[in-house]
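Enquirer: Coordinates for the following, if possible.
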Amino acid sequence: MSVESEFEYEKQQIANLVKRLRAYSQLSQRDLSRITGISQADISKIERGLGNPSINTISRIMSATGASLNVEYKINIDGEDYKAEIWPDLNSHIRTVAKESSDLLVDNIGEEIEKVVLFGSCARGDNTEDSDMDIAALIKCERSELSRFTDIFAQIGADMMDKYQELVNIVGIPIGEYIEKKSWYPFYKNIDDEGIVLYAK
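Expert: Here you go, the predicted model:
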């Protein structure tokens, strides 16, 4: 990925995060503008992946939506790298299981894993007692190589069931395929739009 493409990717990540925070808080752009003092035009630009919001701007949006910095990953804001993931306050049980599953994926897969994303009902906040927890592991590999990780996914799922009585479904996705198709393939688009990043290089 070129430096320019990487920068655009970071801006789109910020855009998705801000949209998700606002949606969780049930705020319109006008409401968010009134609370934060950031113009509605600037909020609109951020949500469209335009401009380059400062860390202060992102912090004000976080504060207004009741979000917190919980899980670490690298994001570029204002030309600086920050280890932070902006996500809404999740049910503590979901947060614990999701974070532990993510840590186990990173520990077991190592350098090949590029990103771990919680998606589906648990990420959207409309999960019920019967909902499964869906996690995407974005891996630096070809689709034909994903079978190498099947046992790891199954073992983590079994561990989470034994420890937390939580059914965790882990799907492996080649990172190159994900980046190429996420703008139009519905499954990948949903992960990109609604997912909560648990880990990223």
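
Enquirer: From now on I want contacts and neighbour counts done on CA atoms only, so please keep to that.
Expert: Fine.

Enquirer: Tell me how this structure divides into domains.
Expert: Domain assignment of the chain by the TED database yields the ranges 3-72, 90-200.

Enquirer: What mean pLDDT does the longest one get?
Expert: Right, the one you point to is domain 90-200. Confidence over domain 90-200 (mean pLDDT, whole number) is 91.

Enquirer: Let's have the domains of the chain in CSV, adding mean neighbour count.
Expert: Listed next are those as CSV, based on neighbours: other Cα atoms under 10 Å:
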stretch, mean neighbour count
domain 3-72, 17
domain 90-200, 17
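
Enquirer: For Asp31, report the pLDDT, please.
Expert: 88.

Enquirer: State whether it is indeed within a strand.
Expert: No. Using DSSP: H, G, I helix; E, B strand; the rest coil, the secondary structure at Asp31 is helix, not a strand.

Enquirer: what's near enough to touch it?
Expert: Not one residue lies near Asp31 by Cα atoms under 8 Å, 6 or more residues apart in numbering.

Enquirer: gap between it and Ser39?
Expert: 10 Å (Cα to Cα, to the nearest Å).

Enquirer: How about Val168?
Expert: Distance from Val168 to Ser39, by Cα to Cα: 41 Å.
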